[in-house]
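# let's see this in three dimensions:
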Amino acid sequence: MRNAAGRLGIRILAVTMACVPAGPACTSESDRDVYRLVANAVVGLTCKTDKGSFMGTGAFIHADGYILTTTGVLPEGAREVQVFHPDLGRLEARLVGADPGMELSLAKVPVRAEGPGYPSLPLADSDGVRVGETAYTIGNTQNSILLYGRPALSPGIVSAWLDLDAGQNALATFRGRMIETTAALNPGVDGGPLLDGAGNVIGLLSFNYAPMRRLGTAVPTNAVRETIRGWIAKDGGNAGTMPAARPSGDAPSFAEALAAAGPSILALEVTRTASDAPTPRPARQDPHAPLIERPEGVVTGLAVSRTEILTTEWNVHGNVESIAVLLPGGRRIAAEIVGWNQPQDIALLRVAEPLLRPATFADGTPRVGTRVALPGRSPHPDRLTVTTGIVSATRRRTRDQHMQIDAPVNYGNAGGPVLDGQGKVLGLVNQVRARSRQSQNSGVGFCLRADVAVEALEWLRGGAKVGAARRPFLGVTMAEPQPSPGEGAAVGDVIPQGGAEKVGLARGDVILEVDGEKIGAWQDLVEIVQRKEIGENIHVVWLRGGERMEGQATLTERPDE
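Predicted coordinates:
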């Protein structure tokens, strides 16, 4: 990997706590067990070629010193190969084989003169890997092995099986069926193993991804196993002494819920007369300018009756020419838009034939901390993808009608349901769009609550069409952290040409009053501003470095998020 920061800034937006000895504790005892089991078999790698220097992660897969990695870490012609082991320090290695078409490289260090050989990871049968099972990435993240002497572990799940024919990066050269994961991929982990719940290698971390989902992927072990064995044999080694895979005994997370709700989760093919995705402004001019636009591909919807489908308004926004529902078995049926609500980001579609299986909605609002699954039908209509997480907050966004969730949210699962452990619908994944302040897969996602969606169905069925709401805006964002309760609202960004900038507010100021009303917290400021009108003048009092300041600010129209 030559330019990890640039690649990961586009490709992987999910953030997962890494478990390293100097940092926070791992998330569970099973995570710690896996870490203890595999950490000594994972190494950092560096090399040089005529094109420059490369670095990344590798894993011992044979006690005689064979190390598995990718051509993104050890390309063809790699020389001066250095291995950094958590306990053994720096070792010299040589390149045994490299196959760019498989993104596969194999290196070797000298056989240990004493002891049982190098600790090694078994290669599992990747054909048995199921969506929803536990998965881990581990590696030399941010040079953790070189700097701290240990690799970094990130837990997640197998989120999809993807057929990827086109590489989304020049180094993504493998074509075929790949494993997708929600475990974090960060600079330095390239070339490392994707592990199952027992610490077996199920894949080799790749540079590829699906544009609709933008999560990490791995080349399955079964795609490269015979090539590895052939290289070892040609090198004079004994491939028959590679370690045997350990039984994982891992049941897919939310397997029963996905089986129950799966028939209600639908793939929608939306055809537009022309692309209407907004063109981003340069990032330096707009700190919230989108890094990625909505790609072409199917989107997800949820059957709510035998003939009706809910999805996001954004999924069917713009110059729509036709919508097709892709049913299991390959049948396509036409759908029409009945109604939509842009502020809620919800739309109702209808098909002529009663062929759909409606989902079951949960009663009440879930508690914060409730575990949830977010299935989708993109990019492959014939199979489910899934990400998992928890409910982070129950009343957010437009008139407190949304829930916040920490599961990865992206174009691939937008429009699909948020499920509980019984497969009942807790909400509809939405608010995923190009002009969003939350990056996709960031751990800050939103869904319209189920009770709100059910209520909205009544007027959507009547053909209601609600455009974007016009809301007043002071022109500031919330700073992190905020003052203690009762001490005001701290200002983060000040939006150019807004009322706050014109009155003289700046980052770090603490707003104390608006029109004589005391501001105890950020939510107080939001509620007071929302009661005003666009163009209305308000009297603002704020604190800057101990000095009390005040002025008249004119509210502008809030921009689309």
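# next one: the longest helix anywhere in the chain to chain centre, how far?
The helix spanning the most residues in the chain, taking DSSP state H as the definition, is helix 221-234. Helix 221-234 has its C-alpha centroid displaced from the chain centroid by 32 Å (CA atoms, centre = their mean, to the nearest Å).
# what average pLDDT does it get?
In this model, helix 221-234 has a mean pLDDT of 97.
# for the helix or strand encompassing residue 68, packing partners?
Residue 68 is part of strand 66-69 when elements are defined by DSSP states H and E. Applying 3 or more CB pairs under 8 Å, 6 or more residues apart in numbering; DSSP states H and E, we find strand 66-69 packed against strand 42-49, strand 52-60, strand 104-108, strand 201-205, helix 221-234. The C-beta positions use only the backbone N, C-alpha and C, and glycine is treated the same way.
# so which of these is the most surrounded?
strand 201-205 (a mean of 29; mean count of other CB atoms under 10 Å).
# next SSE downstream of the helix-or-strand element of the chain with minimal mean pLDDT?
Within the chain, no helix or strand scores below helix 4-11, which has a mean of 32 by mean pLDDT, DSSP states H and E. Under the assignment DSSP H and E, the closest C-terminal helix or strand after helix 4-11 is helix 29-38.
# show me what counts as buried in that next one.
31, 34-35, 37-38 (16 or more other CB atoms under 10 Å).
# can I get those residues in CSV with distance to residue 171 and pLDDT?
Output for the buried residues of helix 29-38, formatted as CSV (distance: CB to CB, whole Å; pLDDT from 0 to 100):
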residue, distance to residue 171, pLDDT
31, 29, 89
34, 28, 93
35, 28, 95
37, 30, 94
38, 25, 96
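# and residue 446, what element?
strand 445-449.
# give me the mean pLDDT for that strand.
So the average pLDDT for strand 445-449 ends up being 88.
# contacts for that strand next, please.
344-346, 365, 374, 394, 396-397, 401-409, 418, 426-432, 438, 456 (CB atoms under 8 Å, 6 or more residues apart in numbering).
# can you check stretch 328-336 too?
By CB under 8 Å, 6+ apart, the list of residues contacting stretch 328-336 reads 263, 268-269, 309, 322-327, 349-353, 355, 382.
# how about it: buried residues?
Buried, per 16+ other CB under 10 Å, within stretch 328-336: residue 335.
# circling back: show me what secondary structure element comes after the strand holding residue 446.
helix 450-461.
# note down every partner strand of the helix or strand just after that next one and its orientation.
Using DSSP H and E, the next helix or strand after helix 450-461 towards the C-terminus is strand 465-466. Counting by DSSP bridges, the strands paired with strand 465-466 are strand 332-341 (parallel).
# between the following helix or strand past the strand it pairs with and strand 332-341, how big is the angle?
Following strand 332-341 in sequence order, the next helix or strand is strand 346-351 (DSSP H and E). Put simply, strand 346-351 runs at 150 degrees to strand 332-341, going by axes from the mean of the first three to the mean of the last three CA atoms, to 10 degrees.
# after the strand holding residue 68, next one along is what?
Following strand 66-69 toward the C-terminus (DSSP H and E): strand 79-85.
# got the CA positions of that next one in PDB?
Below are the C-alpha coordinates for strand 79-85, written out as PDB (Å, rounded to 0.1, in the frame of the first residue of the first chain):
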ATOM      1  CA  ARG A  79      12.900  -6.500  -2.700                       C
ATOM      2  CA  GLU A  80      14.300  -5.600   0.700                       C
ATOM      3  CA  VAL A  81      11.300  -7.300   2.300                       C
ATOM      4  CA  GLN A  82      11.200  -6.600   6.100                       C
ATOM      5  CA  VAL A  83       9.000  -8.400   8.500                       C
ATOM      6  CA  PHE A  84       8.100  -6.800  11.900                       C
ATOM      7  CA  HIS A  85       6.900  -9.400  14.500                       C
END
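# numbering from 10 from now on, please.
With the count now opening at 10, the last piece we talked about shows up as strand 88-94.
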